[in-house]
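Q: Return a 3D structure for these sequence lines:
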Amino acid sequence: MTLRAYLIRSYIVLILASGLVMTHGVGAAPPEDDGTIIRIIFPAEGVVIAGNDVDLEYKFLKGELADHVIFYLDGQPITGPFQAIMGLSSGSHQIKLVAATADHRLLKATATVRFQVK
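A: The predicted structure follows:
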């Protein structure tokens, strides 16, 4: 292997490794705790809901850095804020709320609830 090929290969490996570090959070700073509080009031943990629409009630008390809440349904981000989540399929679901800064950095404050739709 020539020196040039070795350097190119080493550079590619370095770039790929950097991508893995960034995407998996290795070495990333933990989310900052700015005093924000998020609580999901409804649905309550483990509740069984009849029908496909779920009313969502939560409290969001902003800390120093918090600007908004990012909503996740079953691990996927969804556009919010919500008063209700419509058209859910029957089965288990999870709602997760995460506080974020104006530039969308996630903060430590989170709230998660699991529930059933029948």
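
Q: ok, the residue lying closest to Leu61 once chain neighbours are set aside - contacts?
A: Spatial nearest neighbour of Leu61, chain neighbours left out: Ile37 (4.3 Å); criterion: C-beta to C-beta, 6 or more residues apart in numbering. Where you see a C-beta, it was placed from the backbone N, CA and C, and this is true even at glycine. Counting by C-beta atoms under 8 Å, 6 or more residues apart in numbering, Ile37 touches 59-61, 63, 109.

Q: Could you identify the buried members of those?
A: Burial by neighbour count, judged by 16 or more other C-beta atoms under 10 Å, picks out 60, 109 from these.

Q: Widest-spaced pair of the contacts of Ile37?
A: The most widely separated members of those, counting by C-beta to C-beta, are Lys59 and Gly63 (13.2 Å).

Q: Report the buried residues of the strand ranked longest in the chain.
A: Ranked by number of residues, the top strand in the chain under DSSP state E is strand 106-117. Within strand 106-117, the residues scored as buried using 16+ other C-beta under 10 Å are 107, 109-111, 113, 115, 117.

Q: swap in stretch 31-43?
A: The neighbour-count criterion (16+ other C-beta under 10 Å) identifies 32, 36, 38, 40, 43 as the buried residues of stretch 31-43.

Q: Scan the helices and strands of the chain for the one with the lowest mean pLDDT.
A: Lowest on mean pLDDT, DSSP states H and E among the helices and strands of the chain sits helix 3-24, with a mean of 48.

Q: who touches the closest residue to Asp33 other than its chain neighbours in this structure?
A: Leaving aside its chain neighbours, Asp33 sits nearest to Lys108 (4.1 Å; criterion: C-beta to C-beta, 6+ apart). With contact taken as C-beta under 8 Å, 6+ apart, Lys108 is in contact with 30-34, 36, 99.

Q: Just those: which are in helices?
A: With helices taken from DSSP state H, there is no overlap with those.

Q: need those in TSV with pLDDT, can you?
A: Compiled in TSV, the contacts of Lys108 are given as follows (pLDDT from 0 to 100):
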residue	pLDDT
Pro30	78
Pro31	86
Glu32	91
Asp33	92
Asp34	92
Thr36	96
Ala99	96
